[in-house]
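Q: I'll drop the sequence and a predicted model, then ask my questions.
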Amino acid sequence: MTMPPLLEVQDLTCRFGGLVALDRVSFAVQPGEIFGLIGPNGAGKTTLFNLISGVTTPTAGSVLWRGAPITGLAPHRLNRLGLARTFQNLRLFDGLSVRENLLVALQRRPRSGALAGLLASPSHQQAERQRQETAWQLLEELGLSRLAEREAGTLAYGDRRRLEMARALATGPQLLLLDEPAAGLNPSEKDDLCQLIAALRQRHQLTVMIIEHHVPLLMRLCDRMAVLDFGVRIALGSPEQVRRDPKVIEAYLGSGSVPSASGGAAP
Amino acid sequence: MIDTLLQTLLNGAASGGVYALVALGYTLVFSVLGVINFALGALFSLGGYLTYLLMGGAISANGGLPGWGLPFGLPFPLALLLAAALTGLASLGVERLAFTPLRRRNAEPLLYLITSLGAGLVLVNLLQMLMGAEGYAFPATALAGLPDAVVLGGARIRSVQVLLLAVCAAAVIALTLWLERSRSGRALKAVAEDATTARLLGINSDAMLRLAFLLSGALAGLGGGLIGVSISLPGPYVGIGYGLKGLAVLVLGGLGSVPGAIAGGLLMGLAEALVPGEASGWRDALAFAILFAVLLLRPTGLLGRRLVEKV
């Protein structure tokens, strides 16, 4: 008996009207690995994240969490199971402060009843103190503590990216889905991000799924990766295997760029 | 002269407080769902009548159950709070009947307007069938123990006005503290900012929506009970007028803004109070003239940050 994968998708299919966004995609993500997803624009990467995180319901196929079906569960239920994500186009609570953004995500850590909150009981106060402390630790860890009281909408772009990651981490996930976390960052920020993700995996015992257009970054970071093209999974394996795969080369030649480990990001 | 002015201002602030309660009721639901709950005025009426009944008041001869009353009578403060809580539950019922079925079908916002207006009218008509169409004055014992008036800086002020202002202020402060400091208050704010993201962070947005309806109904019910005790209940339609005024205040303060609803309520109440008694027929005209003037200068209202986009 082997351990079931942390996350498995089986024949996942998603149609929007006549458009097939994903066509029978299958793969499994093992606990502790960093799993990359690449593919040309419109390949269905973000759709896949939406299906896994419960934002969209699949047309067919299933999603398994440690071997148990979770297809179609509401996003808040999935989050409580241990699944968190970030967005390609950042979705922070712009009107709330940086700290509040984290506190919202810390809602359920640790748990305290609503009644205890109303009565401001000692256990509730202690829980609240613990939340504030966790929020501070995360802010420190992601280098945001000096911005704690700023409104999230006023932060610089790179800080907003890190805040979104901090907020996802605040929910205490086992699996973190990162949708193009390096988009819009300069090369040195990209390097920092790479190190940050590797460090976060260590410290928080995370499994990470990451969508990224910057292929060299993914090749360096990932244990394994899958390649999507027009909604179909055309390759799966280690970065080395994927890079040599003729189908992958063809897909990228078709869209005008070849993934390489040395440089030249896909546009 | 100063005394009269102080008196006028306090009266204005007291009715402004009630407007603010209603406007906050709209704000809670609007910020989460992006639509106006037009049944709120009817819930206001319900709160007034429930307070009357819980104090042991009897149904009039023209009502559905002439002479019937509860076998007990609660003191006013208890009756008021219990009536507010029950109105909150009724508001949950409105959510269930007039909002949930549409939400499941991703209906257009315009449809919520019709269904909530309909739910409100049904509620008002039920009240009329049960209680009759004429007005009710609260039992004289309602405020027993309270002096008729207090003297403040040389001005005689009806103590019921002071009570009104105090209860409104307490409700507004409690709501603000809850939103700013509590776990569920923060969750509500998060859902108001972006429901999908809040869900992805583990917040049950449906539960927060129900909470918004519950609190919104309770605020309206509180307003109804307060108007009942300070003026009287002129009929089951009492809440419709306050509902409309609350709507004006909501727009005046800025849709979805909590401080805006409070400021707008006070401004509206004070402006009305400054209309001299002999021109009292012009009160509503003045109120809406202010609304137009503010909207011409600031289309998003006094404290509205932006027009909320909900798709």
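A: In hand now; what should we look at?
Q: Identify the residues contacting the residue most central in space within chain A.
A: Closest residue to the average C-alpha location of chain A: A:Leu177 at 1.5 Å, with Cα atoms, centre = their mean. Contact analysis of A:Leu177 by Cβ atoms under 8 Å, 6 or more residues apart in numbering or on different chains lists A:49, A:52-53, A:83-86, A:208-210. C-beta coordinates here come from the backbone N, C-alpha and C atoms, glycine included.
Q: Quick check: the gap between it and A:Trp65.
A: The gap separating A:Leu177 from A:Trp65 is 13 Å, by Cβ to Cβ, to the nearest Å.
Q: Check B:Leu113 too.
A: 41 Å.
Q: of the two, who's got more company?
A: Counted by other Cβ atoms under 10 Å in any protein chain shown, B:Leu113 and A:Trp65 do not tie: A:Trp65 has more neighbours, with 21 against 14.
Q: For that one, give the beta-bridge partners.
A: A:Leu7, A:Ala68 (DSSP bridges).
Q: the strands in the stretch 101-250 of chain A, which residues?
A: A:175-179, A:207-211, A:224-229, A:232-237 (DSSP state E, counting those that start in this stretch).
Q: possible to save these as a markdown table with mean pLDDT?
A: A markdown table is the format used below for the strands of the stretch 101-250 of chain A (pLDDT from 0 to 100):
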| stretch | mean pLDDT |
| --- | --- |
| strand A:175-179 | 96 |
| strand A:207-211 | 96 |
| strand A:224-229 | 93 |
| strand A:232-237 | 92 |
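Q: Serialize the ones you listed to TSV and add fields for distance to A:Leu12.
A: Shown next, in TSV, are those (distance: least, Cβ to Cβ, whole Å):
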stretch	distance to A:Leu12
strand A:175-179	14
strand A:207-211	14
strand A:224-229	11
strand A:232-237	9
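Q: Which one, of those strands, ends up nearest to B:Phe76?
A: B:Phe76 lies closest to strand A:175-179 among the strands of the stretch 101-250 of chain A, at 54.9 Å (Cβ to Cβ).
Q: Flag the shaky bits of the chain, pLDDT-wise.
A: You didn't say which chain, so I picked chain A. Confidence mapping of chain A against pLDDT under 70 gives the ranges A:1, A:110-121, A:253-267.
Q: um, chain B though
A: Where chain B drops to pLDDT under 70, the residues are B:1-2, B:305-311.
Q: Could you list the contact residues of it toward chain A?
A: B:182-184, B:186-187, B:189-190, B:193-194, B:196-205, B:305 (Cβ under 8 Å from any Cβ of the partner chain).
Q: quick check, B:Val22 in a helix?
A: Yes: counting by DSSP: H, G, I helix; E, B strand; the rest coil, B:Val22 is located in a helix.
Q: Give me the nearest residue to it, chain neighbours excluded.
A: B:Gly246 (2.9 Å; Cβ to Cβ, 6 or more residues apart in numbering or on different chains).
Q: what sits against the one you found?
A: By Cβ under 8 Å, 6+ apart, the contact set of B:Gly246 is B:19, B:21-23, B:25-26, B:40-41, B:265.
Q: go on, A:Pro4?
A: A:64, A:66-67.
Q: can we see that at 7 Å?
A: A:66-67 (Cβ atoms under 7 Å, 6 or more residues apart in numbering or on different chains).
Q: Just to be sure, it is in a helix?
A: No: counting by three-state DSSP, A:Pro4 is not part of a helix but coil.
Q: Next, find the distance separating it from A:Ala60.
A: For A:Pro4, the distance to A:Ala60 - Cβ to Cβ - is 21 Å.
Q: circling back to that earlier point, any chance of the contacts of A:Leu177 in CSV, plus neighbour count?
A: Output for the contacts of A:Leu177, formatted as CSV (neighbours: other Cβ atoms under 10 Å in any protein chain shown):
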residue, neighbour count
A:Phe49, 21
A:Ile52, 24
A:Ser53, 23
A:Leu83, 29
A:Ala84, 25
A:Arg85, 27
A:Thr86, 26
A:Val208, 24
A:Met209, 25
A:Ile210, 23
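Q: Make a markdown table out of those residues and add distance to chain B.
A: As requested, the contacts of A:Leu177 are arranged in a markdown table below (distance: Cβ to the nearest Cβ, whole Å):
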| residue | distance to chain B |
| --- | --- |
| A:Phe49 | 10 |
| A:Ile52 | 11 |
| A:Ser53 | 6 |
| A:Leu83 | 9 |
| A:Ala84 | 7 |
| A:Arg85 | 6 |
| A:Thr86 | 9 |
| A:Val208 | 16 |
| A:Met209 | 14 |
| A:Ile210 | 17 |
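Q: Strands - which of those residues land there?
A: A:83-85, A:208-210 (DSSP state E).
Q: how many neighbours does the residue lying closest to A:Pro239 once chain neighbours are set aside have?
A: Computed as Cβ to Cβ, 6+ apart, the closest residue to A:Pro239 that is not its neighbour in sequence is A:Met219, at 4.3 Å. Burial of A:Met219, expressed as a neighbour count using other Cβ under 10 Å, amounts to 21.
Q: For chain B, see how far away A:Met219 is.
A: Note on A:Met219: its distance to chain B, by Cβ to the nearest Cβ, to the nearest Å, is 28 Å.
Q: unless I'm mixing things up, that residue is touching A:Gln241, no?
A: No: taking contacts as Cβ atoms under 7 Å, A:Met219 lies outside contact range of A:Gln241: 11.2 Å.
Q: The stretch 1-150 of chain A against chain B: which residues are in contact?
A: Contact residues, the stretch 1-150 of chain A versus chain B (Cβ under 7 Å from any Cβ of the partner chain): A:53, A:55, A:74-76, A:79-80, A:85, A:91, A:93, A:95-96, A:100, A:103-105, A:107-108, A:114, A:117.
Q: go again using 6 Å as the cut-off
A: Within the stretch 1-150 of chain A, the positions lying close to chain B (Cβ under 6 Å from any Cβ of the partner chain) are A:53, A:75-76, A:79-80, A:91, A:93, A:95, A:103-105, A:107-108, A:117.
Q: Need phi/psi at B:Gly145.
A: phi 100, psi -20 (degrees, to the nearest 10).
Q: again with A:Ala21
A: The phi/psi pair for A:Ala21 (degrees, to the nearest 10) is phi -80, psi -40.
Q: Nearest residue to B:Leu165 in space, please, no chain neighbours.
A: B:Leu165 sits nearest to B:Ala14 (Cβ to Cβ, 6+ apart), 4.6 Å away.
Q: picking up where we left off before, let me know which of the strands of the stretch 101-250 of chain A is the nearest to B:Glu95.
A: strand A:175-179 (32.5 Å).
Q: Surely B:Val151 is within a strand?
A: Yes: counting by three-state DSSP, B:Val151 is part of a strand.
Q: how close does the residue nearest to B:Val22 get to A:Leu92?
A: B:Gly246 is 32 Å from A:Leu92, by Cβ to Cβ.
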